[in-house]
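Trainee: Build me a model:
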Amino acid sequence: MQRPPIPPFTLDSALAKVQAAEDAWNSCDPERVAEAYTPDSEWRNRDRFFKGRNAIVDFLTDKWSLERHYRLKKELWAYSGNRISVRFEYEWQHARTGQWYRTHGNEHWEFDDDGYLRRRDMSANDIEIAANDRRIGITQSKRREKTMKKTFVAVLAATLAAIDIGGMVNAALPDPGVEIEPGRTALLITDPQNDFLHPEGVTWGVVGKSVTENNTVENIDSLFAAAKANDIPVFVSPHYYYPTDHGWQFEGALEALMHAIGMFDRKGALTVEGFEGSGADFLEQYKKYINDGETVVSNPHKVYGPETNDLVLQLRKRGIDKVILGGMSANLCTESHMRELIEQGFEVAVVSDATAAAIVEEGNGYKSALVNFRFIANTVWTTEQAVEKINAAR
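Mentor: The predicted structure is shown next:
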């Protein structure tokens, strides 16, 4: 089977090959990257030499367990026949020390006749940088942050303009904050499942744009990794539907849609037949965190909030009264969990870019959720802020 574009390369096909490689490496999925190489591909990565796809997967798995928040940019340097040379930069944060780095380097690729890489030679150097000196993949994030601030200001202005308390108007909402305390604080992720977060999930057509713009998949991964590294308990509140749930006699708008498209469907409460890789299954890259024997997976919530599952009981039984909240989707399950936990007396910090929502003709679910997060939660953090606070609390 061929893997286009195939050699001999033209300028356009060489550029396409470089872009495909950049996209694959930015996924931080070792299996996806390894698929582009021949089964006996030979690698030199700095001072390491190895051969074969299994070795590639092992190397990349170790690499990305250490290099958090990995973001890469490749640039075509030269091409001829079946060879391509690139220069690259990538930025990452050391998982143990928290130090940020920018890695500069070059690669030389040799392809077989079917377009698979059979040889890769790579040289690189790491340079320490400050977090605010990052420049790869930052522009969109800063633009979103400015948009969020404008949204908050506009909504607050309209709301406060209508409020007159003794002739005085508050200038802005307070930010009570949440102090992370070991033993009392947990990370909670709602619905980290394929139907929301995988391009082949049944909702990707309406949530994909929001997930991509927010870098939601990687941000949730960063929260998982930080919590595990710092012994913060992790809880997952999933969404499942069993065949008997399709016998409900009335439904809300999104309930009706979810049932109609088979979202989160499982074959039954007492079987995992067909679960692996299904829309109800967890995103593959999260399984190393969720299936480690330590993460608490509650029984499923059936509509949006945790009122119908045992999440609050699981939190209370472990002495947890502070929650760092992310997951899917922003204006539905994530917001509903925030509301119920606040009502139950928990402190809640919502991570604004570790979630996303549907964008449809009637409106943008993510933007609507941002307003309510700010009005109701104890505080709202970005993923970067949350990870820094988790690391500092150890």
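Trainee: Show me the helices in the stretch 51-200 of the chain, by range?
Mentor: 53-66, 139-161, 194-197 (DSSP state H, counting those that start in this stretch).
Trainee: looking at those helices, which one has the lowest mean pLDDT?
Mentor: Mean pLDDT is lowest for helix 139-161 out of the helices of the stretch 51-200 of the chain, coming in at a mean of 51.
Trainee: Rank the helices and strands of the protein by mean pLDDT and give me the bottom one.
Mentor: Counting by mean pLDDT, DSSP states H and E, the chain has its least confident helix or strand at helix 139-161, which shows a mean of 51.
Trainee: Okay, now the unreliable bits of the stretch 51-200 of the chain?
Mentor: Applying pLDDT under 70 to the stretch 51-200 of the chain flags the ranges 138-172.
Trainee: need the contact list for the residue nearest to Trp109 when sequence neighbours are not counted.
Mentor: Ranked by Cβ to Cβ, 6 or more residues apart in numbering and with sequence neighbours excluded, the top spatial neighbour of Trp109 is Ile84, at 4.7 Å. Bear in mind the C-beta positions are built from the backbone N, C-alpha and C, glycine included. By Cβ atoms under 8 Å, 6 or more residues apart in numbering, the residues touching Ile84 are 9, 14, 17-18, 76, 78, 108-109, 111.
Trainee: Mind checking which of the residues you listed are buried?
Mentor: Buried members of the contacts of Ile84, counted by 16 or more other Cβ atoms under 10 Å: 9, 14, 17-18, 76, 108-109, 111.
Trainee: Out of those residues, which sit inside strands?
Mentor: 76, 108-109, 111 (DSSP state E).
Trainee: Pipe those into TSV and attach distance to Tyr242 per row.
Mentor: Output for these, formatted as TSV (distance: Cβ to Cβ, whole Å):
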residue	distance to Tyr242
Leu76	51
His108	53
Trp109	49
Phe111	48
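Trainee: Pick the one among these closest to Ala131.
Mentor: Checking those against Ala131 by Cβ to Cβ gives Leu76 as the nearest, at 29.3 Å.
Trainee: quick check: domain ranges of the chain?
Mentor: 11-133, 174-392 (automatic domain parsing).
Trainee: so who does the most centrally placed residue in the chain touch?
Mentor: Among the residues of the chain, the one closest to the centroid is Val217, at 1.9 Å (Cα atoms, centre = their mean). Each residue near Val217 by Cβ under 8 Å, 6+ apart is listed here: 197, 211, 283, 285.
Trainee: Tell me what angle the strand or helix carrying it forms with helix 53-66.
Mentor: Using DSSP states H and E, Val217 sits within helix 216-229. Counting by axes from the mean of the first three to the mean of the last three Cα atoms, to 10 degrees, helix 216-229 points 70 degrees away from the direction of helix 53-66.
Trainee: And helix 216-229, how far out from the chain middle?
Mentor: 7 Å (Cα atoms, centre = their mean, to the nearest Å).
Trainee: And stretch 303-313, by the same measure?
Mentor: Computed by Cα atoms, centre = their mean, the chain-centroid distance of stretch 303-313 equals 23 Å.
Trainee: what does that stretch rub up against?
Mentor: Outside stretch 303-313, the residues touching it (Cβ under 8 Å, 6+ apart) are 188, 235, 237, 252, 255, 298-302, 332-333, 335-337, 339-341, 344.
Trainee: Are any of these buried, and if so which?
Mentor: 188, 235, 237, 255, 298, 300-302, 332-333, 335-337, 339-341.
Trainee: Now for the residue nearest to Ala354 when sequence neighbours are not counted, how many residues are close by?
Mentor: Distances taken as Cβ to Cβ, 6+ apart place Gly326 nearest to Ala354, at 3.2 Å, with adjacent residues excluded. Applying other Cβ atoms under 10 Å, we find 27 residues neighbouring Gly326.
Trainee: how close does Trp77 get to Arg87?
Mentor: Trp77 is 5 Å from Arg87, where distance means Cβ to Cβ, to the nearest Å.
Trainee: Name the residues contacting each of these two.
Mentor: Asn106.
Trainee: Looking at the contacts of Ile84, which one is closest to Thr271?
Mentor: Lys17 (43.9 Å).
Trainee: now the residue nearest to Trp109, which residues is it bridged with?
Mentor: When bridges are called by DSSP bridges, Ile84 pairs up with Tyr79, Trp109.
Trainee: do you know how far it is from Arg119?
Mentor: For Ile84, the distance to Arg119 - Cβ to Cβ - is 11 Å.
Trainee: which residues are common contacts for these two?
Mentor: Going by Cβ under 8 Å, 6+ apart, residues that sit against Ile84 and also against Arg119 are 108-109.
Trainee: Identify the residues contacting Val18.
Mentor: Contact partners of Val18, counting by Cβ under 8 Å, 6+ apart, are 74-76, 84, 86.
Trainee: Greatest separation within the residues you listed: which pair is it?
Mentor: Longest span within those, Cβ to Cβ: Glu75 and Ile84, 11.2 Å.
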